[in-house]
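make a model of this:
(one chain, ligands or ions: 1)
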Amino acid sequence: MPAARIWIKNPLALFTANDRDAAGGLVVENGVIAELLGAGQAPARPVDSTFDAREHVVLPGLVNTHHHFYQTLTRAWAPVVNQPLFPWLKTLYPVWARLTPEQLALASRVALAELLLSGCTTAADHHYLFPRGLEEAIDVQVEAVRELGLRALLCRGSMSLGEADGGLPPQRTVQPAEAILADGERLIRRYHERGPGARVQIALAPCSPFSVTPEIMRASAELAERHDVRLHTHLAETLDEEAFCLQRFGLRTVDYLDSVGWLGPRTWLAHGIHFNAQEIARLGAAGTGVCHCPVSNMRLASGICPTLELEDAGAPLGLGVDGSASNDASNLIFEARQALYLQRLRYGAERITPQRVLGWATRGSARLLGRDDIGELAVGRQADLALFKLDELRFSGSHDPLAALLLCGAERADRVMVGGRWRVIDGRIEDLDLAALIAAHRRAARQLVG
Ligand SMILES: Nc1nc2[nH]c(O)nc2c(=O)[nH]1
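Okay, here's the model as predicted:
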């Protein structure tokens, strides 16, 4: 149960992700932020308890907007360590096609645990593999999300264009359109929560231009419109993908997106690298969001996302760790550090500040997921908080606490609160036997790659 009224008092530093001041901390009441306090200010009404945050940097809970939880089972797998996207996918598809419900449950719990420990309180996952026996993959993930206690936007992915029809994935990994759409609708009806504080939500997410047909893109957009849920896909990740779109559809990626009815504010895209100036202007005007995945983009040598041009054009921008076979971590505060440094190479040190990047990881990411109840510290927002201590060796001698989080390489939150409830205390997840989970997950990973 969330504590009735708690004062997170006198933080060492606090980042609201807006222009509000809360140097005196904040009051949480029944799972939402009830007060932001200026320096030296006391709560307006008595509190039930206080948490002394004088050693903590307090952030809004981080929001991850792209992942593939199942890929934690194929981290650093030797055959793909040095491959770019297309051969990487073609080598991994047959392994992933063997995924079982038990393996997915373990992989999801591991990814969620790792995210939570990195300060993440809301996670989007893009699951697009539904082999025989795993038709109810998203139901398995809902269980894991409920157990770990984060919020999640579970994206019902899909693949419908197999090798035999000119697509990239093997035939046995694709599903018929009717099965994909029926499952999407079932999941929305069963699990999608609406309104402030939602814990589990569903989005529709055909995988990528080279793995689904235009028909499933159009039908997914119609279904999403009918049920008012979000749309997600990979787009403009690599030049191979661009060449595929030109060759198969006679269109560049953004024209293709437009042609299937996806260019709008309901959509957010993973990666979004290879756009020209006109395409960026169209994405911005449409309000289509982009999730920047710096580590994956470096690992697969895909390119660098034009973040500032996208933002200047009006496109919402957020961060994602991407799947753990192309990262190979699920650590969102670490991802923010990588975003800072990769984007500095493109735009220079003066423009890419820790505050800007933390803004992407919080408020920007929340916008991508269509949420205005999370991602910043303000009265009425959900009490989702990430608290980091700077007592590790890596921080010794640092001065600016907020900058130190990224520059010195924070990787583990000391405390994490979701909806007013502490889920991480002293760097440990409540009610989770992490050692047992790691042991079972390692066994499952060995079994999967055979
Ligand atoms: N980084 C990734 N890109 C992808 N495209 C696609 O179709 N699947 C993937 C994926 O798993 N990771």
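
where exactly do the helices run in the stretch 301-450 of the chain?
Applying DSSP state H, counting those that start in this stretch to the stretch 301-450 of the chain gives helices spanning 307-313, 332-347, 354-359, 365-368, 401-407, 434-449.

now for those helices, which one comes closest to the ligand?
Minimum separation from the ligand across the helices of the stretch 301-450 of the chain (Cβ to the nearest ligand atom) falls at helix 332-347, 13.6 Å. Any C-beta I mention is one placed from the backbone N, CA and C, and that applies to glycine too.

do any residues in the closest one lie close to the ligand?
No - using Cβ under 6 Å from any ligand atom, helix 332-347 stays clear of the ligand, with a minimum separation of 13.6 Å.

now that helix - C-alpha only, PDB.
Presented in PDB, the C-alpha positions along helix 332-347 are these (Å, rounded to 0.1, in the frame of the first residue of the first chain):
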ATOM      1  CA  LEU A 332      18.200   3.400 -18.500                       C
ATOM      2  CA  ILE A 333      20.400   5.800 -16.500                       C
ATOM      3  CA  PHE A 334      23.400   4.300 -18.300                       C
ATOM      4  CA  GLU A 335      21.600   4.800 -21.600                       C
ATOM      5  CA  ALA A 336      21.200   8.500 -20.700                       C
ATOM      6  CA  ARG A 337      24.900   8.800 -20.300                       C
ATOM      7  CA  GLN A 338      25.500   7.200 -23.700                       C
ATOM      8  CA  ALA A 339      22.900   9.500 -25.300                       C
ATOM      9  CA  LEU A 340      24.700  12.500 -23.800                       C
ATOM     10  CA  TYR A 341      28.000  11.500 -25.300                       C
ATOM     11  CA  LEU A 342      26.800  10.200 -28.600                       C
ATOM     12  CA  GLN A 343      24.700  13.300 -29.200                       C
ATOM     13  CA  ARG A 344      27.600  15.600 -28.200                       C
ATOM     14  CA  LEU A 345      29.500  14.200 -31.100                       C
ATOM     15  CA  ARG A 346      26.800  15.400 -33.400                       C
ATOM     16  CA  TYR A 347      25.800  18.700 -31.800                       C
END
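
mind listing what's buried along that helix?
Leu332, Ile333, Phe334, Glu335, Ala336, Arg337, Gln338, Ala339, Leu340, Leu342, Gln343 (16 or more other Cβ atoms under 10 Å).

for stretch 355-368, same thing?
For stretch 355-368, by 16+ other Cβ under 10 Å, it's 356-368.

which residues sit in contact with the nearest residue to Glu309 once chain neighbours are set aside?
Nearest in space to Glu309, with sequence neighbours left out and distances taken as Cβ to Cβ, 6 or more residues apart in numbering, is Ile280 at 5.0 Å. Counting by Cβ atoms under 8 Å, 6 or more residues apart in numbering, Ile280 touches Pro306, Glu309, Leu310, Ala313, Ala315.

quickly find the element holding Val95.
Element membership of Val95, judged by DSSP states H and E, is helix 85-96.

quick one: average pLDDT of that helix?
Mean pLDDT, computed over helix 85-96, is 98.

what's the first helix or strand after that helix?
According to DSSP H and E, the helix or strand after helix 85-96 is helix 101-117.

assign the residue in the chain that the ligand sits nearest to to helix, strand or coil.
Nearest residue of the chain to the ligand (Cβ to the nearest ligand atom) works out as Ser208 at 3.3 Å. Look at Ser208: counting by DSSP: H, G, I helix; E, B strand; the rest coil, its state is coil.
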